[in-house]
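Asker: Take this sequence and fold it.
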Amino acid sequence: MKRDARPWRRYLRGRWWQLPLAALLLAAAVLMPPVEFRRPVFRYVVTFDITQSMDVEDVAIGGKPVSRIAFAKAAISDALQHLPCGSEIGWSVFTNQRSLLLVAPVELCSNYDALLSSLDRIGGNMRWINSSVIAQGGIYSAIRAATELGHHTDVVFITDGQEAPPVAPNETTVRDIPQGLVHGWLIGVGGDQPAPIPKTNADGVRTGYWQADEVRQVRPEPGAPAVAESHEERSQLRETYLEAVAGHLGFGYKRLVAPTSLRVPLTDARNAHPMPVATDIRWMPALLALILLVWRFLPARRSATAGESVGVRSIPVRAD
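Answerer: Down below sits the predicted model:
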């Protein structure tokens, strides 16, 4: 009988070694710690304007009107699904002159459910006062919080640009904030047509709509030419104003037009920071162990020659 000249083939045909090796690989899959790789990730504190104008329902999801704050939360929820693991996200809310940090940035993938749950609870019921000062208050406060957090924390500030009491359209600077101190995005949300602003009580229950005589209107500067009548009891996206504020800060500006609008800006490579990220690679030894076990318990294949000699007999042909 002819013997195989290559002993490694005989070694592989013997399956005794597959079970011990599979056991070692399974043990590695259980005990192996995460391995750190450097990869580009993002770190944001997302600030939501929760003033009453954000309750205006002049945007839509799937053809159904929703409030601006609900639209903003839907867009952020969608964007989270496209950020890489290792990225860190925190929540903040704005009203009056202050942005209040609710959740400091935490790792996205290991805290995904907690981030979504806390995001769902953000709303007007958190509002502690009805006034709204964006450039000189909310954005200033959000940037200061980001600098205190450090670690390349960027700012995402979502608002409709409505301020109460109103400010002059040319007041777009942010006090004591040099351009480029932090990076980020100013996100505008809302419709182009003025819409009534819902009035809510301390419990967040809607009680009607604000009327013209209940809010402070814009007054022209002394000696300035007459301007159109002010209607601060109605709200629309103040896009020109927000673009100017973003320009002063060195921020990008983006308007929310769909729940998918934040995918691209929040994954912009210019805002990424290479960081060591703990990566779980236990699936690799687990997959190798599975392959070995499947190989071990597959039925042995008989050679074609053996099959022919055992299963087929030649029948002599009788000569007539």
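
Asker: What residues does the residue nearest the centre of the chain make contact with?
Answerer: Residue closest to the average C-alpha location in the chain (Cα atoms, centre = their mean): residue 80, at 2.2 Å. Residues near residue 80 by Cβ atoms under 8 Å, 6 or more residues apart in numbering: 89, 108, 112, 115-116. Where you see a C-beta, it was placed from the backbone N, CA and C, and this is true even at glycine.

Asker: please redo it, this time with the cut-off set to 6 Å
Answerer: Applying Cβ atoms under 6 Å, 6 or more residues apart in numbering, we find residue 80 in contact with no residue.

Asker: Would you state the strands of the stretch 51-200 of the chain in chain order?
Answerer: Along the stretch 51-200 of the chain, counting by DSSP state E, counting those that start in this stretch, strands occupy 59-61, 64-66, 88-95, 98-107, 154-159, 184-188, 195-196, 198-200.

Asker: So for residue 226, what's the pLDDT?
Answerer: For residue 226, the model assigns a pLDDT of 52.

Asker: Could you report the distance from the residue nearest to the centre of the chain to residue 89?
Answerer: 7 Å (Cβ to Cβ, to the nearest Å).

Asker: can you check residue 98 too?
Answerer: Going from residue 98 to residue 89 by Cβ to Cβ gives 21 Å.

Asker: Between the two, point out the one with more neighbours.
Answerer: Between residue 98 and residue 89, counting by other Cβ atoms under 10 Å, residue 89 is the more crowded of the two (25 against 17).

Asker: right, so of the strands of the stretch 51-200 of the chain, which gets closest to residue 34?
Answerer: strand 98-107 (11.7 Å; Cβ to Cβ).

Asker: partners of the closest one in the sheet?
Answerer: Looking at strand 98-107 with DSSP bridges, its partner strands are strand 88-95 (antiparallel).

Asker: Run through who's touching the partner strand.
Answerer: 43-51, 99-105, 107-108, 115, 126-127, 129, 138.

Asker: What ranges does the chain have for its helices?
Answerer: 7-13, 18-31, 68-80, 112-120, 139-149, 239-249, 263-266, 283-297, 304-311 (DSSP state H).

Asker: what is the orientation angle of the second one with helix 283-297?
Answerer: Angle, helix 18-31 to helix 283-297, by axes from the mean of the first three to the mean of the last three Cα atoms, to 10 degrees: 160 degrees.

Asker: any low-confidence regions in the stretch 1-150 of the chain?
Answerer: 1-16, 35, 37 (pLDDT under 70).

Asker: try 80
Answerer: 1-19, 21, 25, 28-38, 136 (pLDDT under 80).

Asker: Quick one: buried ones out of the contacts of strand 88-95?
Answerer: 43-51, 99-103, 105, 107-108, 115, 127, 138 (16 or more other Cβ atoms under 10 Å).

Asker: Skip the chain neighbours and tell me the closest residue to residue 43.
Answerer: The shortest distance from residue 43 to any non-neighbouring residue, by Cβ to Cβ, 6 or more residues apart in numbering, is to residue 88 (4.5 Å).

Asker: Could you measure from the one you found over to residue 103?
Answerer: 10 Å.

Asker: Kindly report the same for residue 87.
Answerer: From residue 87 over to residue 103 the distance is 14 Å, taken as Cβ to Cβ.

Asker: Equivalent analysis for residue 188, please.
Answerer: Taking Cβ to Cβ, one finds residue 188 at 23 Å from residue 103.

Asker: and residue 53, how many neighbours does it have?
Answerer: Residue 53 sits with 28 neighbouring residues when counted by other Cβ under 10 Å.

Asker: List the residues that contact it.
Answerer: Neighbouring residues of residue 53 by Cβ under 6 Å, 6+ apart: 160, 162, 197, 235.

Asker: can I assume the third one is in contact with residue 235?
Answerer: Which is residue 197. Yes: between residue 197 and residue 235 there is a contact under Cβ atoms under 6 Å: 5.1 Å.

Asker: list residues touching both of these two?
Answerer: Common neighbours of residue 197 and residue 235 (Cβ under 6 Å, 6+ apart) are 53, 56.

Asker: Which one's more surrounded, these two?
Answerer: residue 235 (28 against 23).

Asker: I am finished for the moment; much appreciated.
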